[in-house]
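# return a 3D structure for these sequence lines:
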Amino acid sequence: MNNLLPVSSRQVRQHFSSHAGEYDCYALVQKRVVAGLIARLPDDLSPYHLALDIGTGTGDLAHKLQERAPALPLLVADIAHAMTCTAATRIASVAAFDADAEALPLRSASLGLVLSASMYQWVNDLPRAFAEVQRVLQPGGLFAFALFGAGTLRELRAAHGEALSEEGRSFASHMQRFPDEKSVAAALEAAGLTGELELQDEQEVHPDVPHLLRSLKRIGAQNAASNRPAGLSGRRTTERMMAIYQERFGSNGSIPATYQVIYGLAKKLNITQQKK
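Residues are numbered from 1 along each chain as shown. Okay, here's the model as predicted:
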């Protein structure tokens, strides 16, 4: 089901931990995704007695949720310890712990609401991660998430692929691939969650390609594929990629960077619904 390159959890943990202090300065699209996810939540959150923000990062999503529903008890967790600590410091009256989304250290049927923004593209086994959500949710519980899909950084992928193609080389192994809408829907179904997906593009503007690459690095969003080649590619290929990017997509002294966001709202069916 998952033909993406395997991700090194150790590298994901290391990348995001080392950039926790500067993440908020550069994670502009991620903040827009948080706002988009909050806007898609039901108006009434009172039925959900306990919430978890998994992959909390610096806690932006949890903070916005707390503003929306200050009486809702909240847990936050991240695989990167420095991110967990940052979120715990930022948000009052929150329980924080380190956790891998594929193995949540929580009792079954213990949560009413699970949320996550810009995290699930980093897991190796999406059906397993979603199955963990299904396990910890109570019947009727809500799963609200947003992740970056396969169309993310399409300009960079296209320019890089063309540069490598000119050299007669394959580019599939050089850049980490994110899941598409079909695989996300299949993972939800396999986990026993039912809901709907929505795709939306978000775009950043950068002065040039080096600025884009530096911004990605400063939020920890580096290639974490466990068998990736060292670096994006050789210097000559990288320079050619930058030139192609500028020629094909640049205008008025800047370049775009598009992120494909997959939003999802899903529920764990109660016993009565399961029998129908």
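
# next helix or strand past the longest helix seen in the chain?
Counting residues, the longest helix found in the chain (DSSP state H) is helix 235-249. Scanning the chain past helix 235-249 towards its C-terminal end, the next helix or strand to appear is strand 255-268 (assignment: DSSP states H and E).

# and that following strand with helix 235-249, angle?
Relative orientation of strand 255-268 and helix 235-249, computed by axes from the mean of the first three to the mean of the last three Cα atoms, to 10 degrees: 90 degrees.

# so which bits of strand 255-268 are buried?
Taking 16 or more other Cβ atoms under 10 Å as the basis for neighbour counts, the residues of strand 255-268 that come out buried are 255, 257-268. For glycine as for every other residue, the C-beta is placed from the backbone atoms N, C-alpha and C.

# setting the sequence-adjacent residues aside, check what's closest to Arg248.
Ala159 (6.5 Å; Cβ to Cβ, 6 or more residues apart in numbering).

# that neighbour: how many residues sit nearby?
Residue crowding around Ala159 was assessed by other Cβ atoms under 10 Å; the count is 23.

# please begin residue numbering at 427 from this point
Yep, numbering from 427; the last one is Ala585 now.

# wait, it sits on Phe675?
Yes. Assessed by Cβ atoms under 8 Å, Ala585 is found in contact with Phe675 at 7.5 Å.

# low-confidence ranges in the protein?
Low-confidence segments of the chain, defined by pLDDT under 70, are located at 427-452, 596-601, 646-659, 697-702.

# ranges for the helices of it?
Going by DSSP H, the chain shows helices at 435-444, 449-452, 454-465, 486-494, 507-516, 552-562, 580-592, 607-617, 635-644, 661-675, 697-701.

# reformat those as TSV; add distance to Ala570.
Shown next, in TSV, are those (distance: least, Cβ to Cβ, whole Å):
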stretch	distance to Ala570
helix 435-444	21
helix 449-452	21
helix 454-465	6
helix 486-494	9
helix 507-516	17
helix 552-562	10
helix 580-592	25
helix 607-617	12
helix 635-644	25
helix 661-675	32
helix 697-701	19
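
# nearest to Asp479, out of these?
helix 486-494 (4.3 Å; Cβ to Cβ).

# now do the closest one: distance to the chain's middle.
Relative to its chain's centre, helix 486-494 lies at 17 Å (Cα atoms, centre = their mean, to the nearest Å).

# just to revisit the earlier point, out of the helices of the chain, the one nearest Tyr474 is which?
Ranking the helices of the chain by distance to Tyr474, with Cβ to Cβ as the measure, places helix 486-494 first at 10.3 Å.

# helices or strands up against the closest one?
Helix 486-494 sits against helix 454-465, strand 477-480, strand 500-504, strand 537-543, with contacts defined as 3 or more Cβ pairs under 8 Å, 6 or more residues apart in numbering; DSSP states H and E.

# how about a cut-off of 10 Å?
helix 454-465, strand 477-480, strand 500-504, helix 507-516, strand 537-543, strand 563-574 (3 or more Cβ pairs under 10 Å, 6 or more residues apart in numbering; DSSP states H and E).

# now those in JSON lines, with distance to Pro633 and mean neighbour count?
Listed next are these as JSON lines, based on distance: least, Cβ to Cβ, whole Å; neighbours: other Cβ atoms under 10 Å:
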{"stretch": "helix 454-465", "distance to Pro633": "14", "mean neighbour count": "18"}
{"stretch": "strand 477-480", "distance to Pro633": "33", "mean neighbour count": "26"}
{"stretch": "strand 500-504", "distance to Pro633": "31", "mean neighbour count": "25"}
{"stretch": "helix 507-516", "distance to Pro633": "28", "mean neighbour count": "19"}
{"stretch": "strand 537-543", "distance to Pro633": "27", "mean neighbour count": "25"}
{"stretch": "strand 563-574", "distance to Pro633": "22", "mean neighbour count": "22"}
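
# which stretch among those comes nearest Leu639?
Short answer: helix 454-465, nearest of the helices and strands packed on helix 486-494 by Cβ to Cβ, at 14.9 Å.
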